[in-house]
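# I'd like to go over a predicted model; first the sequence, then the structure.
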2 protein chains.
Amino acid sequence: MSEQALVLAGVNSWKLNIERANKLFSPLTEEQLLKEVAPGKNRLIYLWGHLTAVHDRMLPLLVLGPRVYPEYDALFLTNPDKAAPTLPAAPEIKKAWDEVNGELLAGFESLSPAAWLEKHDSVSAEDFAKDPLRNRFSILLSRTTHISFHLGQTALISK
Amino acid sequence: MSEQALVLAGVNSWKLNIERANKLFSPLTEEQLLKEVAPGKNRLIYLWGHLTAVHDRMLPLLVLGPRVYPEYDALFLTNPDKAAPTLPAAPEIKKAWDEVNGELLAGFESLSPAAWLEKHDSVSAEDFAKDPLRNRFSILLSRTTHISFHLGQTALISK
């Protein structure tokens, strides 16, 4: 029962940060999404796609399923903002964002506490034996702080 | 055993973010600390003191002990940056930062998984009964994302 409650707190922290990001990005127009968080820095549209790409990668990383939007990597992750000549339109990013986060949340809710403590997909069994902190739950927590990292940047935009 | 490992992942995520903040702020000169994260936004010295104040408040909030630097609230939390005519010098903030985080970590390591799930100090027993997520572990996770929120802002400063 304790373990269930600890997992619940972790998933809840994820959900709170997803909701904050959702509230920030989803209502924006195409034009508003072109704003940079600070002069010469990433645009909001890039950060939204970036979070979507990172979350999409969590599906295989947490062994919850295959990726849905692998093409987002080149647009939003492995290349910097403004490298791609065009980006998906806002409604497409919104659809990808909702879909990926929906799949993740359904996956999270299917995991037992013991399953949360299993190794994630990017660590070998040997390395995991040496460092059992490289588990799914640690990925959940680090990806939650990753959302917050970029939310802090978006908070710098003048209203 | 699962519950211990889940707590460990939460405390480890906190430690990783403290280390990132430490690596960022601790080596800076007084002059470097006066840089703003973006034009007209908070200075690094304010963010460092702000994190210290928020962490200092975690001591009573998590029922780990009394506050050490209550005077940091007016300087770094309840008033915006540039409101106070003078701020503590960098070595003083560094000392407070190290002391507060050291006390917190010692406190964290003293808590059993069941104790992490107890209510924090800002929620009544009645409200906690309705929402058991208002526990110490949730505070740990939310204060960890809070560090990351501000680290994301500091990442915007040109090198």
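Right, received. Where do you want to start?
# starting at the chain centroid, how far to the lengthiest helix in chain A?
If you go by DSSP state H, chain A has its longest helix at helix A:2-25. In terms of CA atoms, centre = their mean, to the nearest Å, the centre of helix A:2-25 is set 12 Å apart from its chain centre.
# from the contact counts, what lies against the following helix or strand past it?
Heading C-terminal from helix A:2-25, the first helix or strand you meet, by DSSP states H and E, is helix A:30-33. Helices and strands touching helix A:30-33, by 3 or more CB pairs under 8 Å, 6 or more residues apart in numbering or on different chains; DSSP states H and E, are helix A:44-61. (Each C-beta comes from the backbone N, C-alpha and C, glycine too.)
# what average pLDDT does the helix it packs on get?
Helix A:44-61 shows a mean pLDDT of 98.
# buried set for it?
A:44-59, A:61 (16 or more other CB atoms under 10 Å in any protein chain shown).
# before we move on, what about stretch A:96-113?
Residues of stretch A:96-113 classed as buried: A:96, A:97, A:100, A:101, A:103, A:104, A:107, A:108, A:111, A:113 (neighbour count, 16+ other CB under 10 Å).
# now tabulate those in TSV and tack on pLDDT and secondary structure.
Shown next, in TSV, are the buried residues of stretch A:96-113 (pLDDT from 0 to 100; DSSP: H, G, I helix; E, B strand; the rest coil):
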residue	pLDDT	secondary structure
A:96	98	helix
A:97	98	helix
A:100	98	helix
A:101	98	helix
A:103	98	helix
A:104	98	helix
A:107	98	helix
A:108	98	helix
A:111	98	coil
A:113	97	helix
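# and the residues you listed near chain B, which?
Restricting those to those touching chain B (CB under 8 Å from any CB of the partner chain) yields residue A:113.
# chain B: which of the buried residues of stretch A:96-113 is nearest?
Chain B has its nearest neighbour among these in residue A:113, at 4.9 Å by CB to the nearest CB.
# which non-adjacent residue is nearest that closest one?
residue A:3 (3.8 Å; CB to CB, 6 or more residues apart in numbering or on different chains).
# my read is that the one you found contacts residue B:7, right?
No. Judged on CB atoms under 8 Å, residue A:3 makes no contact with residue B:7 at a distance of 9.6 Å.
# list residues touching both of these two?
Here residue A:3 and residue B:7 share the contacting residues residue B:113, scored by CB atoms under 8 Å, 6 or more residues apart in numbering or on different chains.
# spell out which parts of chain A neighbour chain B.
Close to chain B, as judged by CB under 8 Å from any CB, chain A has residues A:2-3, A:5-10, A:12-13, A:16-17, A:37-39, A:41, A:113-114, A:116-117, A:132-133, A:135, A:137-138, A:141-142, A:144-153, A:155-156.
# from residue A:158, how far out is the residue nearest in space to the middle of chain A?
Nearest to the geometric centre of chain A sits residue A:55, at 3.3 Å (CA atoms, centre = their mean). Per CB to CB, to the nearest Å, residue A:55 is found 28 Å from residue A:158.
# number of residues surrounding residue A:22?
15 (other CB atoms under 10 Å in any protein chain shown).
# apart from its chain neighbours, what residue comes closest to it?
Per CB to CB, 6+ apart, closest to residue A:22 is residue A:97, 7.7 Å.
# so the one you found touches residue A:54, yeah?
No. The criterion here is CB under 8 Å, and residue A:97 misses it with residue A:54 at 11.2 Å.
# centre of the chain to the helix or strand where residue A:126 lies, how far?
Residue A:126 belongs to helix A:125-130 when assigned by DSSP H and E. Centroid displacement of helix A:125-130 relative to its chain, using CA atoms, centre = their mean, is 25 Å.
# please apply the same query to stretch A:93-100.
Counting by CA atoms, centre = their mean, stretch A:93-100 comes out at 11 Å from the chain centroid.
# next, count neighbours for residue A:155.
Residues lying near residue A:155 (other CB under 10 Å) number 15.
# and it, what does it touch?
Counted by CB under 8 Å, 6+ apart, residue A:155 has contacts B:149, B:153.
# poorly predicted segments of chain A, please.
Residue ranges of chain A with pLDDT under 70: A:159.
# and the gap between the residue nearest to residue A:22 and residue A:29?
Residue A:97 is 16 Å from residue A:29, by CB to CB.
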